[in-house]
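coords please:
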Amino acid sequence: MDAYSGGPGRWLRAVAEAVDAPSGGDVKADPDLWLERAPDDGVVLRSRRDDWGKGIDPAYFQGCADRLFSDEELARDARRWLLRERGIKLRQSRAWGLGWNGVGITFPFWLGGLLVAGKIRPPSKGHKTLPGWTGCKEWPLFAVGRDKRLVLCEGELDALRCRSVGVPACSMPLGAGTWKAWWSKQLAGRRVEVVFDVGAEAQARAAVEHLHEAKVWARHVPLPSRVTGYDLTDYLRDHSRAQLERLIGWRS
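Residues are numbered from 1 along each chain as shown. You can find the predicted model right below:
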């Protein structure tokens with residue numbers, strides 16, 4: 001049985017065995033510090049202290065990025081999953097520094113040219129991308145770039161799927177229900193289309209209100225589905241870039 005087939009708990013324990021703490025410690029030495037019970041009796045990854053990641057090492061994420069594009073069998077499987085299952089083109093994986101650490105795909109978060117945080121998820125359906133490293137008290141939005149028009153979606157994979165068809169997008173790092181005031185500063189001077197998953201319409205409207213309070217142009221664009229959890233990746237399986245641009249008002 002591989003690390004993915006045993007459920008989230010088994011996978012997270014595999015993560016805990018594979019990840020070296022940026023501060024120089026080894027997760028293997030004290031795994032209980034990195035795992036805790038969630039209310040649903042699942043297992044979630046956590047940091048030992050708020051300032052864990054102060055010593056976050058860009059070389060670790062660079063090594064993961066190099067490994068993702070290596071000839072390693074599991075790395076090839078991860079690339080294939082990103083491309084075939086999620087529709088993310090390899091150039092987007094390279095551009096945003098995605099990597100492979102042996103058990104999961106790594107997602108580095110950058111702010112002002114500095115690596116400040118990272119997330120991880122296995123290349124399989126049914127898992128979420130989870131925080132694994134943090135070097136600052138506030139997570140930045142993922143994949144903001146310099147684009148003046150952006151789609152703001154819920155997850156990193158949805159953002160990269162949009163970018164793979166040529167529509168600039170960024171994503172929330174902490175879920176649709178969380179908003180940090182300084183994210184409005186990241187999006188200042190841009191036009192933002194908030195496109196969250198079906199079922200998160202209230203959170204999308206709240207995000208728009210937060211952006212309006214900061215004088216950022218924003219509006220909520222609901223997805224045309226009644227299926228809870230339907231997201232931008234689902235939409236782009238059946239629709240073209242032109243149809244997405246018409247949906248968000250970028251094309252007449």
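
Please enumerate the strands of the stretch 51-200 of the chain.
Remark: strands assigned in the stretch 51-200 of the chain by DSSP state E, counting those that start in this stretch are 99-100, 105-111, 114-121, 130-134, 149-153, 169-171, 191-194.

Please name every helix or strand in contact with the helix or strand encompassing residue 219.
With secondary structure defined by DSSP states H and E, residue 219 is part of strand 217-220. Of the remaining helices and strands, those touching strand 217-220 by 3 or more CB pairs under 8 Å, 6 or more residues apart in numbering; DSSP states H and E are strand 191-194, helix 201-213. For every residue, glycine as well, the C-beta is placed using N, CA and C.

Pick the most deeply packed of these.
strand 191-194 (a mean of 21; mean count of other CB atoms under 10 Å).

mean confidence score for that strand?
Averaged over strand 191-194, pLDDT sits at 98.

ditto for stretch 219-226
pLDDT averaged over stretch 219-226 gives 96.

mind listing what's buried in it?
219, 220, 221, 223 (16 or more other CB atoms under 10 Å).

distance of the residue lying closest to residue 78 once chain neighbours are set aside from residue 105?
Nearest in space to residue 78, with sequence neighbours left out and distances taken as CB to CB, 6 or more residues apart in numbering, is residue 123 at 4.5 Å. Going from residue 123 to residue 105 by CB to CB, to the nearest Å gives 6 Å.

Name the residues contacting each of these two.
Shared contacts of residue 123 and residue 105, defined by CB atoms under 8 Å, 6 or more residues apart in numbering, are found at 78, 82.

who wins for proximity to residue 152 among the helices and strands packed on strand 217-220?
strand 191-194 (4.9 Å; CB to CB).

circling back: let me know the closest of the buried residues of stretch 219-226 to residue 130.
residue 223 (24.2 Å).

any idea how far that closest one lies from residue 115?
Counting by CB to CB, the gap from residue 223 to residue 115 is 32 Å.

quick one on the thing from earlier: just how off-centre is the strand holding residue 219 within its chain?
In this view, strand 217-220 has its centroid 21 Å away from the chain centroid, taken as CA atoms, centre = their mean, to the nearest Å.

so what's residue 197 closest to, chain neighbours aside?
Nearest one to residue 197, counting by CB to CB, 6+ apart, is residue 231 at 4.4 Å.

All set, thanks.
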